[in-house]
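Asks: Just a sequence and a predicted model for now, questions to come.
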Amino acid sequence: MGQIQINNFNIADLEEAIKNVLHEAVTQAVLEQLNPTKKQTPKLFSRENTADILCVSLPTLHEWTKEGIISSYRIGGRVLYKEDDILNALTKTNFDLKRGGKSC
């Protein structure tokens, strides 16, 4: 990195230089978010981890997979679930009354 010399540098010029650097950095960050240059690898979870995340048993997870409620992927003998598919399987409900039962 080169040396920086400040001679007769007034505050307005310094403010403008900082604004320009910040503007370029923010613009670059926004463009990177809008147009990612490299593809992100999806996060994968095992059946056990997915069941824990959803607070269900393995047989329930298997039934949901068969019914198409959640998508699974197989590689060799392993069944895996993508994080996005887990989140997409969740649906929002709005109940006024709380009922008993198992909670995570």
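Replies: Yep, that arrived.
Asks: what ranges do the strands span in this structure?
Replies: Taking DSSP state E as the criterion, the chain carries its strands at 44-46, 73-75, 78-82.
Asks: what does the second one rub up against?
Replies: This means strand 73-75. Strand 73-75 is touched from outside by 44, 79-82, with contacts defined as CB atoms under 8 Å, 6 or more residues apart in numbering. Backbone N, C-alpha and C define where each C-beta goes, glycine included.
Asks: got the buried residues for stretch 77-86?
Replies: Of the residues in stretch 77-86, those buried by neighbour count under the rule 16 or more other CB atoms under 10 Å are 80-82, 85-86.
Asks: sorry, that was for stretch 41-50
Replies: Buried residues in stretch 41-50 (16+ other CB under 10 Å): 45, 47, 50.
Asks: now stretch 57-71
Replies: Under the neighbour-count criterion of 16+ other CB under 10 Å, stretch 57-71 has 61, 64-65, 70 buried.
Asks: List the contacts of that stretch.
Replies: 47-48, 50-51, 54, 56, 72, 79, 81-82, 85-86, 89.
Asks: Low-confidence ranges, this protein, go.
Replies: For the chain, applying pLDDT under 70 flags the ranges 1-2, 4-6, 37-39, 92-104.
Asks: where along it do the helices fall?
Replies: Assigned helices in the chain, in chain order: 11-34, 47-54, 58-67, 83-89 (criterion: DSSP state H).
Asks: Would you format those as a markdown table with distance to Q40 included?
Replies: As requested, these are exported to a markdown table (distance: least, CB to CB, whole Å):
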| stretch | distance to Q40 |
| --- | --- |
| helix 11-34 | 12 |
| helix 47-54 | 19 |
| helix 58-67 | 24 |
| helix 83-89 | 11 |
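Asks: Just tell me which of these ends up closest to Q3.
Replies: Proximity to Q3 (CB to CB) singles out helix 11-34 among the helices of the chain, at 16.2 Å.
Asks: CA atoms only for the closest one, dumped as CSV, please.
Replies: As requested, the backbone C-alpha atoms of helix 11-34 are provided in CSV (Å, rounded to 0.1, in the frame of the first residue of the first chain):
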residue,chain,number,x,y,z
ILE,A,11,-12.4,19.0,5.8
ALA,A,12,-14.8,19.3,2.9
ASP,A,13,-12.4,17.4,0.6
LEU,A,14,-11.9,14.7,3.2
GLU,A,15,-15.7,14.3,3.6
GLU,A,16,-16.2,14.1,-0.1
ALA,A,17,-13.4,11.5,-0.4
ILE,A,18,-15.0,9.4,2.4
LYS,A,19,-18.4,9.7,0.8
ASN,A,20,-17.1,8.5,-2.6
VAL,A,21,-15.3,5.5,-1.0
LEU,A,22,-18.4,4.5,1.0
HIS,A,23,-20.7,5.0,-2.1
GLU,A,24,-18.5,2.7,-4.2
ALA,A,25,-18.3,0.0,-1.4
VAL,A,26,-22.1,0.1,-0.8
THR,A,27,-22.9,0.0,-4.6
GLN,A,28,-20.5,-3.0,-5.0
ALA,A,29,-22.1,-4.8,-2.1
VAL,A,30,-25.7,-4.2,-3.4
LEU,A,31,-24.7,-5.3,-6.9
GLU,A,32,-23.1,-8.5,-5.5
GLN,A,33,-26.3,-9.3,-3.6
LEU,A,34,-28.5,-8.7,-6.7
